[in-house]
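J.: test case, fold it:
(chains A and B)
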Amino acid sequence: MAVYRRSNRHRFLLVLLVLTSVTILTLDQRGQSSGIVGQVRTTARDLLAPVQTAVASVFKPLGNLGGGVLHYSDVKAENAKLRRQLEAARAQAATASDAERERKELLQQQQLQFAGDIPQVSARVVSTAPSNFQLTVGLNRGRDAGVEPGMPVVTGAGLVGKVVDASRTRSTVLLVTDPSFNVGIRFTTSGDVGVAKGAGARQALAVDFVDVNTKVGDHEIVVTSGLQQSVFPPAVPVGRVASAHKVPGLLQQDVRIDPIVDLRRLEFVKVLKWKGTA
Amino acid sequence: MTSPRVKLPLLLILAVVVHTAVLAQLRIDGVAPDLMLLVAIAGGVAAGPSGGAVVGFMAGLSIDLFLQTPLGLSALTFSLVGYAVGNVQAGVLRASWWIPLATVLVASIAGEVGYAAVGSVIGQTQMMTPRLLVIAPLVGVFNMVLAPLVLPVVRWAARPTQLAPAYR
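T.: Reported below is the predicted structural model:
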């Protein structure tokens, strides 16, 4: 009968497509920019990049308008707060510059690497993640500018994330809040180390491997530990401690840190050309 | 210029550009509409099971090029969703206006959950979190809002060149 034959054909086509998908999935095992699948990916992104930039620039005022309407009172309050902070910061700048000079001298004496000496690429955030499951942003610099996967991304305040993919003119940065992001961290007061993991958008990062005897200060700054073979250079601020509980029966404390960078308002970032110590 | 073979790829390129450049910024509670999933569902509504599977496959593959997850994950999930929608739609008389919208809502939720589930089977376990319970319904609602715009366009793109009878 015609209907029976038709549904068989539909099913056959579906099976064919499923098998094709699985084949492509197998070819792209690690999702990195190597091999033929990676080449296709990078070519597609590079081809579409100018079109996306053009469309985004057309629609950006609409997005800004929407955002401005929804968040007007927040923006005004934040403006006032920032002005007050700026005044206070200016007052402190004079005393701080002397301490900074002294610190640089001490670091140089010990031959430690300081984030400011690593070559950097300035970039701008041009797109957000096209996915609902991953927290990434797109930058307007790619391999042509020296950006490679694995490089850390920072702002003046601290760590933003790391580059996970780079085509010739665009790169993708995985944010610290993404659930698959890890970074080795060190507490600035005690010097003890741990591993911070992302826990989702606008959530505090969870820190593992913190010994129960470690004294974790309230709102203490946490920086990257830069331990041997680390992906990240040492002493890049990551966040502030939001909470620390000792859970009875566990060998580690439950520590949460808030990211130090405001990830909702990223615009200008720097990619550090740091490949990790061998 | 009237063949679906020409119209569908052009439509998909347009959809990818709109999705990555425009829709990804329109987030409520961090969730954006999934236009490519909606195109896959619309393909199923407009063109039956095999049409839905093909449109779903192509739509999924197009968006996979721009995601960090393995290439082929969306292609697999969306082709299954397109096929399922096509099958269900074939068995329902499109008498009411809300049936396609309800289909979009349910299929979008199923598509997002399916994407996370298939992803966790191949090792991308970070997507099966409680956050999925927020993402899937929101995507369903957003896609339902966009459906009246997208369904006619996909129907136009999938229409065969000549008015041939549907049974070949």
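J.: all contacts plus neighbour counts: C-alpha atoms, from now on.
T.: Will do.
J.: tell me the buried residues in the one helix or strand A:S21 maps to?
T.: Secondary structure assigned from DSSP states H and E places A:S21 in helix A:2-27. Within helix A:2-27, the residues scored as buried using 16 or more other Cα atoms under 10 Å in any protein chain shown are A:H10, A:L13, A:L14, A:L17, A:V18, A:T20, A:S21, A:V22, A:I24, A:L25, A:L27.
J.: what subset of those residues is also close to chain B?
T.: Filtering the buried residues of helix A:2-27 for proximity to chain B by Cα under 8 Å from any Cα of the partner chain leaves A:H10, A:L13, A:L14, A:L17, A:V18, A:S21, A:V22, A:I24, A:L25.
J.: kindly give the local confidence score, pLDDT, for the fourth one.
T.: Per-residue pLDDT puts A:L17 at 91.
J.: list the contacts for it?
T.: By Cα atoms under 8 Å, 6 or more residues apart in numbering or on different chains, the contact set of A:L17 is B:A53, B:V54, B:F57, B:L76, B:S79.
J.: taking those residues, please make a ChimeraX selection of just the buried ones.
T.: Of these, the buried ones go into a single ChimeraX selection, burial set by 16+ other Cα under 10 Å:
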select /B:53,54,57,76,79
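J.: and the contacts of A:L17, which two are furthest apart?
T.: B:V54 and B:L76 (10.5 Å; Cα to Cα).
J.: residues of chain B that sit close to chain A?
T.: Contact residues, chain B versus chain A (Cα under 8 Å from any Cα): B:17-22, B:24-26, B:30-32, B:49-50, B:53-54, B:57, B:65-73, B:75-76, B:79-80, B:83, B:126-127, B:135, B:167.
J.: buried members of the residues you listed into ChimeraX, please.
T.: Selection of the buried residues among the residues of chain B next to chain A in ChimeraX, burial being defined by 16+ other Cα under 10 Å:
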select /B:17,18,19,20,21,22,24,25,26,30,31,32,49,50,53,54,57,65,66,67,68,69,70,71,72,73,75,76,79,80,83,127,135
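J.: secondary structure element for A:A199?
T.: Assessed by DSSP H and E, A:A199 sits outside every helix and strand.
J.: quick one: it from A:A206, how far?
T.: Per Cα to Cα, to the nearest Å, A:A199 is found 7 Å from A:A206.
J.: with B:V139 instead?
T.: 27 Å.
J.: residue ranges for the helices of chain B, please.
T.: Assigned by DSSP state H, the helices in chain B fall at B:4-21, B:35-64, B:73-90, B:98-121, B:132-158.
J.: oops, could you answer that again for chain A instead?
T.: Using DSSP H, helices in chain A cover A:2-27, A:35-110.
J.: tabulate these (JSON lines), appending distance to B:T103.
T.: JSON lines is the format used below for those (distance: least, Cα to Cα, whole Å):
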{"stretch": "helix A:2-27", "distance to B:T103": "20"}
{"stretch": "helix A:35-110", "distance to B:T103": "29"}
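J.: of those, flag the one that's most buried.
T.: Burial of these is given as mean neighbour count (mean count of other Cα atoms under 10 Å in any protein chain shown); helix A:2-27 ranks first at a mean of 16.
J.: and the angle for that one with helix A:35-110?
T.: Put simply, helix A:2-27 runs at 30 degrees to helix A:35-110, going by axes from the mean of the first three to the mean of the last three Cα atoms, to 10 degrees.
J.: from the chain's centroid, how far away is helix A:2-27?
T.: Mean-position distance between helix A:2-27 and its chain equals 39 Å (Cα atoms, centre = their mean, to the nearest Å).
J.: dump the residue contacts of residue 125.
T.: Let's take chain A. Shown in contact with A:V125 (Cα under 8 Å, 6+ apart): A:V137, A:G138, A:L139, A:N140, A:L266, A:E267, A:F268, A:V269.
J.: other chain: chain B
T.: Residues near B:T125 by Cα under 8 Å, 6+ apart: B:A116, B:G119.
J.: low pLDDT regions in chain B?
T.: B:1, B:91, B:93-95, B:162-168 (pLDDT under 70).
J.: repeat for chain A
T.: For chain A (pLDDT under 70), the answer is A:1-6, A:29-34, A:63, A:67, A:94-95, A:105-116, A:228-229, A:276-278.
J.: make it 50
T.: A:1, A:31, A:33, A:111-114, A:278 (pLDDT under 50).
J.: now distance to A:R45 too, for the contacts of A:L17, in TSV please.
T.: Formatted as TSV, the contacts of A:L17 follow (distance: Cα to Cα, whole Å):
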residue	distance to A:R45
B:A53	25
B:V54	23
B:F57	19
B:L76	21
B:S79	22
